[in-house]
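A.B. asks: pasting the structure only:
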């Protein structure tokens, strides 16, 4: 049987994630220090785990409604009102999904027809362009630059819009750069979108992890933007719940109805145990204190990473959000891929080439600082040795 003739051409054209490539390599290397995967080193707060255990002990293991438990949707709406100042109806404007990743997938599929264009600021998380391409759409990269603090500029957005543009991905706070769009910068983007039918898909999974004294701002909170924005969020990052696989999409009812339809056929419902745990995640003052503690720890690690790389001679932009740094390695004379391959082979430290996040990531590597101080400082010692030996 010739499987090449059987398999989908669109699927075959999609490359595997560059993040997972180096994660898999690291798994085969002894004594490796991995800074490659964006996963908190903190345990899920005990109050959340306790609620999950209780739900299992009391036999709450059945399907929930397709859109998620009503109590959870109510808590999500309260959380969004308090955090970004936007009101949503738990009845028909929120869908609970299997992580933010499913929400992104369903949002893109609900909007994009073959031939439609989706604007994707890069470098960015790996999933957006492949999902667009699987729908038959075209992902159009908009390059963000270190000199602009890796923010989307209105000039670049205007230049990328065509009559075929259907949606704009807003991946801020950004993975891998840590770039953040502040209110004034988002207002300039919103001013362009208000005169169009372009939908903003705002991936706000790192919203809680925003540093520098200014809170995260959602573009949906700006005048006229609620009606043209899908907000994606979830529990993986801020609540240290990566393996629980729970997220949500919120937006106008006509769009959320279509997202729910996709979710209904593809997934049925999100994990019941995770939903019970998530109610506590959003409503417990104890968990709120745990989240604040983790954010403060990340902030300290962020500053340590920036200083360490700059001291090594690798220019490192100071991220304003998420838990990644994106140091420039052009001075080494190596490509991003070569740098990462040689580093893991010679010093057993795993980081991710910037090209995993788009071609514009060439000359950079992504380093996750959601790890202990010892883990980080040991890795920096090895990286510094690696750089000395390159000279």
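C.D. replies: Yep, that arrived. Worth saying up front: this structure is predicted, and the values here are computed from it rather than measured. Residues are numbered from 1 along each chain as shown.

A.B. asks: show me where pLDDT drops low in the chain?
C.D. replies: Low-confidence segments of the chain (pLDDT under 70): 20, 22-23.

A.B. asks: domains for it, by residue range?
C.D. replies: 3-44+287-390, 62-284 (automatic domain parsing).

A.B. asks: Next, format the ones you listed as JSON lines and append mean neighbour count and distance to residue 56.
C.D. replies: C-beta coordinates here come from the backbone N, C-alpha and C atoms, glycine included. Listed next are the domains of the chain as JSON lines, based on neighbours: other C-beta atoms under 10 Å; distance: least, C-beta to C-beta, whole Å:
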{"stretch": "domain 3-44+287-390", "mean neighbour count": "18", "distance to residue 56": "15"}
{"stretch": "domain 62-284", "mean neighbour count": "20", "distance to residue 56": "6"}
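
A.B. asks: So which of those domains is nearest residue 54?
C.D. replies: The closest of the domains of the chain to residue 54 is domain 62-284. By C-beta to C-beta, the value is 7.8 Å.

A.B. asks: Quote the end-to-end distance of that closest one.
C.D. replies: End-to-end distance for domain 62-284, by C-alpha to C-alpha, to the nearest Å: 24 Å.

A.B. asks: How about stretch 177-185?
C.D. replies: Note: stretch 177-185 ends 17 Å apart using C-alpha to C-alpha.

A.B. asks: Need the contact partners of stretch 154-164.
C.D. replies: 115-117, 119, 138, 140, 142-144, 168, 188-189, 191-192, 196, 198 (C-beta atoms under 8 Å, 6 or more residues apart in numbering).

A.B. asks: Quick check: the farthest pair among those residues?
C.D. replies: Spanning the widest gap among these are 115 and 188, at 28.4 Å by C-beta to C-beta.

A.B. asks: quick one on the thing from earlier: ok, the contacts of stretch 154-164 vs residue 100, which is closest?
C.D. replies: residue 168 (17.2 Å).

A.B. asks: give me the element the closest one is part of.
C.D. replies: If you go by DSSP states H and E, residue 168 is part of strand 165-170.

A.B. asks: where's that strand relative to the chain centroid, distance-wise?
C.D. replies: 16 Å (C-alpha atoms, centre = their mean, to the nearest Å).

A.B. asks: ok, residues contacting the helix or strand just after it?
C.D. replies: Later in the chain than strand 165-170, the nearest helix or strand by DSSP H and E is helix 183-193. Contact with helix 183-193 is made by 151-152, 154, 157-158, 161, 168, 170, 181, 200, 217, 219, 222-225, 228, as judged by C-beta under 8 Å, 6+ apart.

A.B. asks: Just after helix 183-193, pick out the following helix or strand.
C.D. replies: strand 199-203.

A.B. asks: what does stretch 271-289 contact?
C.D. replies: With C-beta under 8 Å, 6+ apart, stretch 271-289 has contacts from 44-45, 47-52, 54-56, 60-64, 68-69, 71-72, 75-76, 78-79, 96, 98, 235, 239, 241, 244-246.

A.B. asks: Please apply the same query to stretch 362-374.
C.D. replies: By C-beta under 8 Å, 6+ apart, the residues outside stretch 362-374 that reach it are 35-41, 123, 175-176, 298, 301-302, 304-305, 309, 323-330, 335-336, 339-340, 351-357, 376.

A.B. asks: Which members of the residues you listed occur in helices, if any?
C.D. replies: Among the contacts of stretch 362-374, the members found in helices (DSSP state H) are 298, 301, 302, 304, 305, 309, 336, 339, 340, 376.

A.B. asks: Now render these as a markdown table, adding distance to residue 21.
C.D. replies: Listed next are those as a markdown table, based on distance: C-beta to C-beta, whole Å:
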| residue | distance to residue 21 |
| --- | --- |
| 298 | 25 |
| 301 | 25 |
| 302 | 25 |
| 304 | 27 |
| 305 | 22 |
| 309 | 22 |
| 336 | 12 |
| 339 | 14 |
| 340 | 9 |
| 376 | 22 |
